[in-house]
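J.: Here is the input, now give the coordinates:
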Amino acid sequence: MGIISQILGFGKRSSNKSKAVSKMPRAKMTNVLVDMHSHLIPGIDDGVETYEEAIEIIKSMMHAGYRKLITTPHVMSDGYPNTTEIILSGFETLKNKVEEEGLEIDLEVAAEYYVDAHFESLVNKGDILTIGDNNVLIEFSYLNKPINYKDILVTLFEKGYKPILAHPERYVFLQNDKSGFDELKDMGVQFQLNLFSLIGLYDRASQYHGRRLIEKEMVDYLGTDIHRSHQIKHFKRALSSRYLHYLIKENQLKNLFLKL
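T.: Here you go, the predicted model:
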């Protein structure tokens, strides 16, 4: 076991899982039927710029085997102050464009909520777009531990929501705290891993921690978090990741099925 694994608390069990992953075949399709993290509504966040770009991405995902896409624009008071009304309006236009193209894909909408005081106020008002059975996709600051985030998570649970943390493998403050992932899991927070992390698209640290979360059986969902059409080539490459097919083989994912 390497010194990095020792420091971060990943033991022999993870090492054995790594060997199992290395034996997985590569493929170009996925059995994950539902993608529950994407940015496909033009002009409201850092996602696609046009509906044509959104359609291009949707076609690529359909070709790869996805049958339901839940798009999740950012809600971030300082950056993307989207309201439920803005999101639903853009989504209605997206659905109409997809129907005009004759594409048979199940489209739904939720949001990716940045955890801050504004989000807490939305939770208290019940103004939240959810996924499936009251699941809420949330994100943290990448660099700094959010203020009072545990209190906000407790409020979410008390209100009947089920938080899903988007791309936990990417947060530097969690990467530097070997107990941080476990603490969130112990609270009942679900983890959504980004597909692109499996191939190191963001950085090596995110790839490392993403793979270790898989080996520790801490991943509940897999999402593309696709933003732009130039990522399609990376999306296609990520489909051949042995870690993806290990996740599918081990039946770890909750979005292997259409009901979500």
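
J.: what ranges do the helices span in this protein?
T.: 3-8, 12-22, 51-63, 84-100, 117-125, 149-158, 172-175, 180-187, 204-215, 232-238, 242-249 (DSSP state H).

J.: Next, format these as TSV and append mean pLDDT.
T.: Converted to TSV, the helices of the chain look like this (pLDDT from 0 to 100):
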stretch	mean pLDDT
helix 3-8	34
helix 12-22	59
helix 51-63	98
helix 84-100	98
helix 117-125	96
helix 149-158	96
helix 172-175	95
helix 180-187	96
helix 204-215	96
helix 232-238	97
helix 242-249	91
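
J.: For residue 109, which of those helices is the nearest?
T.: Residue 109 lies closest to helix 84-100 among the helices of the chain, at 4.1 Å (Cβ to Cβ). From N, CA and C alone the C-beta is placed, and that goes for glycine too.

J.: in that closest one, what counts as buried?
T.: Using 16 or more other Cβ atoms under 10 Å as the test for burial, helix 84-100 gives 86, 87, 90, 91, 94, 97, 98.

J.: from what I can see the second one touches residue 80, true?
T.: No - applying Cβ atoms under 8 Å as the test, residue 87 and residue 80 come out as separate, 10.1 Å apart.

J.: Which neighbours do the two have in common?
T.: Shared contacts of residue 87 and residue 80, defined by Cβ atoms under 8 Å, 6 or more residues apart in numbering, comprise 44, 73.

J.: which residues does residue 173 contact?
T.: So residue 173 contacts 140, 141, 143, 144, 145, 180 (Cβ under 8 Å, 6+ apart).

J.: Could you report the neighbour count for the fourth one?
T.: It refers to residue 144. Residue 144 has 10 neighbouring residues, counting by other Cβ atoms under 10 Å.

J.: What separation do you get for the residue nearest to it when sequence neighbours are not counted and residue 31?
T.: Leaving aside its chain neighbours, residue 144 sits nearest to residue 173 (6.1 Å; criterion: Cβ to Cβ, 6 or more residues apart in numbering). Residue 173 sits 33 Å away from residue 31, going by Cβ to Cβ, to the nearest Å.

J.: again with residue 55
T.: Per Cβ to Cβ, residue 55 is found 24 Å from residue 31.

J.: same question, residue 198
T.: Separation of residue 198 from residue 31 (Cβ to Cβ) stands at 15 Å.

J.: Of those two, give the one with the bigger neighbour count.
T.: Using other Cβ under 10 Å as the criterion, residue 198 and residue 31 rank with residue 198 on top: 25 against 15.

J.: pretty sure the more buried one contacts residue 243?
T.: Yes - at 4.8 Å, residue 198 counts as touching residue 243 under the criterion of Cβ under 8 Å.

J.: what do the two both touch?
T.: In contact with both residue 198 and residue 243: 210, 211, using Cβ under 8 Å, 6+ apart.
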